[in-house]
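Enquirer: Sequence unavailable; structure follows:
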């Protein structure tokens with residue numbers, strides 16, 4: 001029996017996949033099991049950035065061990081076309097105020113460009129009726145960057 005291996009993507013293909021999307025899943029080392037949660041991200045061409053709320057298990061797991069797996073996918077509803085990437089790296093907290101403000105501004109731009117519902121504000125720790133610019137003005141979220149990527153698995157069916 002021959003086993004079919006799913007083809008790998010080239011770097012330009014998985015960079016495009018990352019640029020085309022804005023939702024991922026991050027797997028943390030949990031207590032006995034992985035802890036996987038969805039995140040919105042921005043990509044500057046080199047790094048993925050995240051705006052986690054300052055509460056919840058993800059914060060505890062981040063402080064225990066910032067090594068994570070990040071998964072981004074794109075697939076047709078009938079699965080006739082699919083591609084995904086998994087990046088294994090380390091989250092680091094950004095503490096520089098100018099860099100944090102730039103990342104927060106990038107998130108506001110993403111929300112506007114993608115015409116996301118105001119419901120996204122709740123996912124970031126804000127009230128749905130808050131003005132979008134509050135993300136830039138207030139320091140309610142941590143800012144994380146994925147660094148030290150050790151392994152990239154990027155596969156596609158076509």
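Expert: Good, I have the coordinates. Owing to the predicted nature of the structure, the values given are computational and were not obtained by experimental measurement. Residues are numbered from 1 along each chain as shown.
Enquirer: what about the helices in the chain?
Expert: Along the chain, the segments classed as helices by DSSP state H run 11-20, 57-64, 97-113, 119-123, 134-137.
Enquirer: List just the one of the ones you listed that sits closest to residue 78.
Expert: Of all the helices of the chain, helix 11-20 sits nearest to residue 78, with 19.1 Å by C-beta to C-beta. In this view, the C-beta of every residue, glycine as well, is placed from N, C-alpha and C.
Enquirer: So which elements touch the closest one?
Expert: On a contact count with 3 or more C-beta pairs under 8 Å, 6 or more residues apart in numbering; DSSP states H and E, helix 11-20 meets strand 67-75, strand 82-93, strand 144-156.
Enquirer: residues in contact with it?
Expert: With C-beta atoms under 8 Å, 6 or more residues apart in numbering as the test, helix 11-20 has contacts from 9, 43, 45, 48, 72, 74, 83, 84, 85, 152, 154, 156.
Enquirer: Go again with 7 Å.
Expert: Applying C-beta atoms under 7 Å, 6 or more residues apart in numbering, the contact partners of helix 11-20 are 43, 72, 74, 83, 85, 154, 156.
Enquirer: Same check on stretch 68-83?
Expert: 9, 17-18, 20-21, 24-28, 48, 84-89, 91, 146, 155-158.
Enquirer: ok now it, how far from the chain's centre?
Expert: Centre-to-centre, stretch 68-83 and its host chain are 14 Å apart (C-alpha atoms, centre = their mean, to the nearest Å).
Enquirer: What residues sit buried inside it?
Expert: Under the neighbour-count criterion of 16 or more other C-beta atoms under 10 Å, stretch 68-83 has 68, 69, 70, 71, 72, 83 buried.
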